[in-house]
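Novice: no letters, just coordinates:
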């Protein structure tokens, strides 16, 4: 056995650093899930969004340095002009925005992005043959677009040339979007990966294989894709002259501001590693093969102590950490149609009793290293309508209150209450969180069955309204509470985003009003009123926002991750690899 | 007489005796847990999370501050129920089908062989996942998934033996006396394949305990109660943090029982083997 | 001979059909929902309906099953629900890495455990035999998951002997990445195999031909590794052949921990996203391999043992 083992060891000892990489600036980053598709109309999960943001660009992005998030032009020459009645948005494309070189273009040279490309890309979201995921961002918003979708889906062939009244092309670089009613979130939507701009020539060139062969306007191009292992991106040599942002306020850390005004990207390439497992990802980062990672919550304890200070060995290694505050809404939800916990009768008291027996701080301590921010109402911290001081009157842990409410609901000490059932995802720490919830509720005599499911099963059960209690983590699509308030809008009931099947006419009326309102004090007042209704009815409990920790090695600079958008990856810089 | 010879042989095998003693200790723990004398409240918090061993938590605490020792002991009960139910059910089913197939031959045999070949040709992990999906969560799903996959092995070996027994003189004699096929199956075929079933039983027991870890990894294992599989899974990440107690405790508890069973099954096989001298 | 093989292959058809019925029922009737899974949290009823039509999931079950049979007959399983690429591409991609992991492991495990078994059988009942068997049983009693988690942590990180994670498609470049997972597979498999082969070989070492061989003055290694081994070939090959159809399935746990893009991971991803076309093609692939190896095994028996007639 020994000589053979030696041979294995010799094989394994081959050098780690790729010789092709020496002297180059390649940023090694990890994603946690498989990259399914490079078609922007499929971009919904995090890994896919990250990969796509390297190659494709939507019209807008956010400022890398300013917080809270501020929109900035990306493919545009300037921010769009908005008409007085807020029904018309006129856009001007940047003159030097162009696609990367590719054989699908005339002469193999990538051409300038035109208004027609933008409209074509939007229309792709309406074509069922593309199995688009993001139609909801345009649904019932743009003049004539829904009718176009319906007519073309029914037709023999989906005609991209057929006109849509709401898309008006003035010339190669200028176009207008006409809305049916004011849509204040439109610009956020145009910063989402769904709306990234693609070229018709390339789509037609690749046909069914388009989803695996991205050609965009972005700073990088896909050079190699080893499915399930990694993706290599190289700098797009014809990327337009884009610059690192200049800070407009003083609270930007100096190490982030140093590169202001310089041309990006700094990197020669990006390698995205795919890690379904946490242990190998962490170990690879520890040995320096990965430059930056999102720290798995199980390993936060290894990285920092309770006061969130880096542990000494990491300081020694030159490691830095960035705590990203997600626009996050994690909760335990209730199906309002359930005969026991649902409804507006005694179910409401029961829900409040359950909430009062729930200790969210303990969840935070055991599973998130005390890094969570509990808050009342569905509006996450950092957004208009959020009140950090606000507490639900039934906030747990408050066992006397929980017992009183339970008795009020007609189940003194849990008598007469059948065991409740919570449906959870079967991975990560959620089974254990279910066990903790069960223990907390057992203190007031409530029995809980924890049921675990895979994602497809869980989606089916939620969509068919078969769950009684469930857990949900909602990461906002854009920084406007409207996204969260929509989760309680009656017509959005399952399979839509209203998993609670919450329906209250008063709330729905308010939602329909705020849906078309621009940010204003008046709108914030209405947001607050809606928030308070949800608190009053308690269709969910124990809401909190998570922090996510990114750790990066000494080589990395200009690193300030944000999970709402990913086109910031072009601002990151690393030291070149030494042999 | 055979039984006597077997027990004699086992008694002379020290390894077997030690194995049996260990199994007996585990069984006793499982009984104590079942009767509510030990590890009564495994969900209770006994202190902070990730404590090193100390009074009241002799193997430390998990991240929720629960007593690891209590949970390991409790999981013994789960291991025994998974092992016993699965082994009993799969071996009974496998023996019955195997004996019927081997004894009757012909179409019945073809049908049973087809059935087990089909089951066997589906990757077992896929079958386990699919059945655990359907049977719902928790212990019942685990029982069903294991039973539905584990019956194949005993079925094959018993069928092979039954084919031989069918031709044996005492079976011929029984047939000549006019006994019905089921009486012959029950009185002659099954007893003569019993040694195979017994060994299969031990193997299925061990297989179930070990496979439960993989099912737990996939989130399809025992739920709501601690099992060694769920404990190992929940503590996978703790190794990095330098906390070995939970993964260590569950792994060692499982290791010792599985080892004891394997040693005992070996000895049993030797003792039952008619060819051994 | 050809006729025999063809006939035996024909006998495999009911098995493949059985597998198709079982997988269809298990996943179509009871599994998760690929449409909702794909569309995510903003799904609308007409989007769901449109996608179900796109996937052919709106047809009655028996029509869907017939379509499945047609797919089996033509070996064309269409596009993956998730990545929208041909299923054949998805599976083909995974076959190489999975086989690179499992085939060397099977070879090494078999050679090593047969050797150890020969030695143990030779010293049957003596301390060496006993300690080898205790070692084998102990090796079998550790959970697979523990081997992986601890093996990766210790052998690739604490003592950096191996790569932690990763894969290169090159025919040479892949081995440094595969060596630790292969080593783990060997360690896990050796316990079972050594025990099995020892008892198979132990039956041989007492036979007359062995005594004769020794009487002729042949050395122990020659007697063991030539004469005994030859006669113990049937159980050895039987055991090896049982695992052959499953080689292609790779190893779900190892692949996911070590970043090997094999079929084990493909299956897990497909189950997690209810990617039916992939699951269907995968199960049929394995059952066909199962049938084929069974036939090959029988042909082998006839070859080593002329008393068995192929008729």
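Specialist: All right, it came through fine. Owing to the predicted nature of the structure, the values given are computational and were not obtained by experimental measurement.

Novice: isn't residue A:362 up against residue A:440?
Specialist: Yes. Counting by Cβ atoms under 8 Å, residue A:362 does reach residue A:440; the two are 7.3 Å apart. (C-beta placed from N, C-alpha, C; glycine too.)

Novice: out of the two, which sits in the busier spot?
Specialist: Between residue A:362 and residue A:440, counting by other Cβ atoms under 10 Å in any protein chain shown, residue A:440 is the more crowded of the two (23 against 19).

Novice: does chain B sit close to whichever strand or helix holds that one?
Specialist: Residue A:440 belongs to helix A:430-442 when elements are defined using DSSP states H and E. Yes. With Cβ under 8 Å from any Cβ of the partner chain as the measure, helix A:430-442 is seen reaching chain B through A:431-432, A:435-436, A:438-439, A:442.

Novice: please identify which of those residues is nearest to chain B.
Specialist: Chain B lies nearest to residue A:439 out of those, by Cβ to the nearest Cβ, at 4.3 Å.

Novice: residue contacts, that closest one?
Specialist: Taking Cβ atoms under 8 Å, 6 or more residues apart in numbering or on different chains, we find residue A:439 in contact with B:43-45.

Novice: kindly report the same for residue C:218.
Specialist: residue C:227.

Novice: residue B:64 now?
Specialist: By Cβ under 8 Å, 6+ apart, the contact list for residue B:64 reads A:366, A:432, A:435-436, B:45, B:49.

Novice: tell me, how many residues neighbour the closest residue to residue A:479 other than its chain neighbours?
Specialist: Spatial nearest neighbour of residue A:479, chain neighbours left out: residue A:69 (4.9 Å); criterion: Cβ to Cβ, 6 or more residues apart in numbering or on different chains. Residues lying near residue A:69 (other Cβ under 10 Å) number 18.

Novice: same check, this time on the one 5 residues further on
Specialist: Per other Cβ under 10 Å, the neighbour tally for residue A:74 reads 22.

Novice: hmm, it is touching residue A:567, no?
Specialist: Yes. At 6.4 Å, residue A:74 and residue A:567 qualify as touching, with contact defined as Cβ under 8 Å.

Novice: quick one: is stretch C:56-67 near chain A?
Specialist: No. Counting by Cβ under 8 Å from any Cβ, chain A is not contacted by stretch C:56-67; separation bottoms out at 12.2 Å.

Novice: that stretch close to chain B?
Specialist: No. Using Cβ under 8 Å from any Cβ, we find that stretch C:56-67 stays clear of chain B, coming within 15.9 Å at best.

Novice: pull out the buried positions in that stretch.
Specialist: Neighbour-count burial for stretch C:56-67, counted by 16 or more other Cβ atoms under 10 Å in any protein chain shown, picks out C:57, C:64-65.

Novice: closest to chain B out of those?
Specialist: Here the nearest of those to chain B, counting by Cβ to the nearest Cβ, is residue C:65; it sits at 16.2 Å.

Novice: and the buried residues of stretch C:56-67, which of them are in strands?
Specialist: For those, not one is inside strands, with DSSP state E as the criterion.

Novice: just give me the least confident of those.
Specialist: Ranked by pLDDT, the buried residues of stretch C:56-67 bottom out at residue C:57 (87).

Novice: which non-adjacent residue is nearest that residue?
Specialist: Closest to residue C:57 by Cβ to Cβ, 6+ apart is residue C:35, at 6.8 Å.

Novice: please state the offset of the helix or strand that neighbour falls within from the chain centre?
Specialist: Taking DSSP H and E as the criterion, residue C:35 maps to helix C:34-39. Between the centre of helix C:34-39 and the centre of its host chain there is 30 Å, according to Cα atoms, centre = their mean, to the nearest Å.

Novice: helices and strands around it, which ones?
Specialist: Packed against helix C:34-39, as judged by 3 or more Cβ pairs under 8 Å, 6 or more residues apart in numbering or on different chains; DSSP states H and E, are the following elements: helix A:455-463, helix C:45-55.

Novice: so which residues on the stretch 101-250 of chain B come close to chain C?
Specialist: So the stretch 101-250 of chain B meets chain C at B:114-115, B:117-123, B:125-126, B:129-131, B:133-134, B:206, B:210, B:213-214, B:217, B:232-233, B:236, B:239-240, B:247 (Cβ under 8 Å from any Cβ).

Novice: which residues of the stretch 151-300 of chain C fall in helices?
Specialist: Secondary structure of the stretch 151-300 of chain C by DSSP state H, counting those that start in this stretch: the helices cover C:174-205, C:208-215, C:220-222, C:229-231, C:233-247, C:252-258, C:263-272, C:276-304.

Novice: what about the closest residue to chain A within the stretch 151-277 of chain B, distance to residue C:144?
Specialist: At 2.7 Å from chain A, residue B:219 is the closest residue in the stretch 151-277 of chain B, using Cβ to the nearest Cβ. From residue B:219 across to residue C:144, the span is 16 Å (Cβ to Cβ, to the nearest Å).

Novice: which one of those two has more residues nearby?
Specialist: residue B:219 (22 against 18).

Novice: neighbours around the nearest residue to that one once chain neighbours are set aside, how many?
Specialist: Nearest residue to residue B:219, sequence neighbours excluded (Cβ to Cβ, 6+ apart): residue A:426, at 2.7 Å. Residues lying near residue A:426 (other Cβ under 10 Å) number 22.

Novice: what residues are up against residue A:426?
Specialist: The contact partners of residue A:426, taken as Cβ under 8 Å, 6+ apart, are A:452-454, B:218-220.

Novice: helices along the stretch 201-350 of chain A, start to end?
Specialist: Using DSSP H, counting those that start in this stretch, helices in the stretch 201-350 of chain A cover A:254-257, A:278-286, A:300-303, A:312-316, A:346-356.

Novice: those: which one's closest to chain B?
Specialist: helix A:300-303 (4.7 Å).

Novice: and stretch B:20-31, is it in reach of chain C?
Specialist: No. Stretch B:20-31 lies out of reach of chain C by Cβ under 8 Å from any Cβ, never closer than 11.6 Å.

Novice: give the buried residues for that stretch.
Specialist: Those would be B:20, B:22-23, B:26, B:29-30, for stretch B:20-31 by 16+ other Cβ under 10 Å.

Novice: just give me the least confident of those residues.
Specialist: Lowest pLDDT among the buried residues of stretch B:20-31: residue B:20, 92.

Novice: hmm, residue B:261 and it touching each other?
Specialist: No. With contacts counted by Cβ under 8 Å, residue B:20 stays clear of residue B:261, the gap being 9.8 Å.

Novice: and the longest helix for chain C?
Specialist: helix C:87-122 (DSSP state H).

Novice: and stretch A:375-394, how far out from the chain middle?
Specialist: Using Cα atoms, centre = their mean, the offset of stretch A:375-394 from its chain centre is 20 Å.

Novice: quick one on the thing from earlier: can you flag the buried ones in the residues of the stretch 101-250 of chain B next to chain C?
Specialist: Applying 16+ other Cβ under 10 Å to those flags B:115, B:117-123, B:125-126, B:129-131, B:133-134, B:206, B:210, B:213-214, B:217, B:232-233, B:236, B:239-240, B:247 as buried.

Novice: how far away is residue B:130 from chain A?
Specialist: 11 Å (Cβ to the nearest Cβ, to the nearest Å).

Novice: quick one: secondary structure of the residue nearest to that residue when sequence neighbours are not counted?
Specialist: Nearest non-adjacent residue to residue B:130, counting by Cβ to Cβ, 6+ apart: residue C:26, 3.9 Å away. Here residue C:26 is recorded as helix under DSSP: H, G, I helix; E, B strand; the rest coil.
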